[in-house]
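> Model the following, please.
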Amino acid sequence: MGAPTWKQYFIYQADYQHWANEVLFECLDRLDPKALAEPQGLHFSTIHQTVDHILVVSQLWRLRLQGESPIVDYKRLHHPDWRALKTALRQEMRGLQHWLETKPEAFFESEIAFRSSEGKARRNWVRDVLTHMMGHMVHHRGQVSAAATRLGTPAPEMDYIFYKRAVDAALTQKK
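Below you'll find the predicted structure:
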């Protein structure tokens with residue numbers, strides 16, 4: 001079997017993001033729900049606001065990849081209900097994965113044009129946008145994980161290698 005294509009790579013990455021979010025949610029579910037809304041010294045202040053930001057930015061970039069240029073207010077909380085936020089992020093990651101599965105290989109080698117949050121015309125390679133999306137989620141999940149650990153939860157093991165081991169174990173068990 002040859003090296004994965006860009007398409008396969010980003011489908012795996014979307015699946016990894018979903019898996020890592022689940023690991024993080026399992027960790028966060030151990031916290032007192034009030035802790036999710038209290039300032040934790042994060043860029044977006046609270047755990048809840050930071051997870052909301054992960055979702056909103058993922059939605060923004062997916063819409064840009066689909067040819068839209070929405071304007072987003074990063075200062076407001078878009079999903080005030082924690083359970084609804086978790087559900088929406090789960091759906092967004094699975095939706096992204098399924099959407100990527102429908103795209104032809106050539107899409108991943110193409111460029112997109114969009115308007116930035118400041119209204120400026122921009123162009124980027126699809127693979128660079130997707131790399132940014134995946135890295136952005138990892139970055140903010142790491143911040144949330146550090147805050148949760150500081151609040152007393154065990155540190156969640158969300159590294160990609162743990163995802164690969166879980167996938168390999170599931171495939172072995174299926175055989």
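
> how near is the residue sitting nearest the centre point of the chain to Glu26?
With distances taken as C-alpha atoms, centre = their mean, Met137 lies nearest the centre of the chain, 4.1 Å away. Per C-beta to C-beta, to the nearest Å, Met137 is found 17 Å from Glu26. Where you see a C-beta, it was placed from the backbone N, CA and C, and this is true even at glycine.

> the helices in this structure, which residues?
6-28, 47-65, 82-102, 126-150, 160-174 (DSSP state H).

> who touches the last one?
When contacts are taken as C-beta atoms under 8 Å, 6 or more residues apart in numbering, the neighbours of helix 160-174 outside the stretch itself are Asp15, Tyr16, Trp19, Ala20, Val23.

> could you list every residue that touches the nearest residue to the first one once chain neighbours are set aside?
Nearest residue to Asp15 in three dimensions, chain neighbours excluded: Gln97, at 5.8 Å (C-beta to C-beta, 6 or more residues apart in numbering). For Gln97, the set of contacting residues under the criterion of C-beta under 8 Å, 6+ apart consists of Ile11, Ala14, Asp15, His18.

> since we're on the second one, how many residues are nearby?
Other residues within reach of Ala14, judged by other C-beta atoms under 10 Å, total 25.

> Wait, it touches Gly95, no?
No: distance between Ala14 and Gly95: 9.1 Å, which falls outside the contact criterion (C-beta atoms under 8 Å).

> Mutual contacts of those two, please.
Joint contacts of Ala14 and Gly95 (C-beta under 8 Å, 6+ apart) do not exist.

> how about stretch 119-128: buried residues?
Neighbour-count burial for stretch 119-128 flags Asn124, Val126, Arg127 (criterion: 16 or more other C-beta atoms under 10 Å).

> what comes into contact with that stretch?
Under C-beta under 8 Å, 6+ apart, the answer for stretch 119-128 is 6, 10, 65, 71, 107-116.
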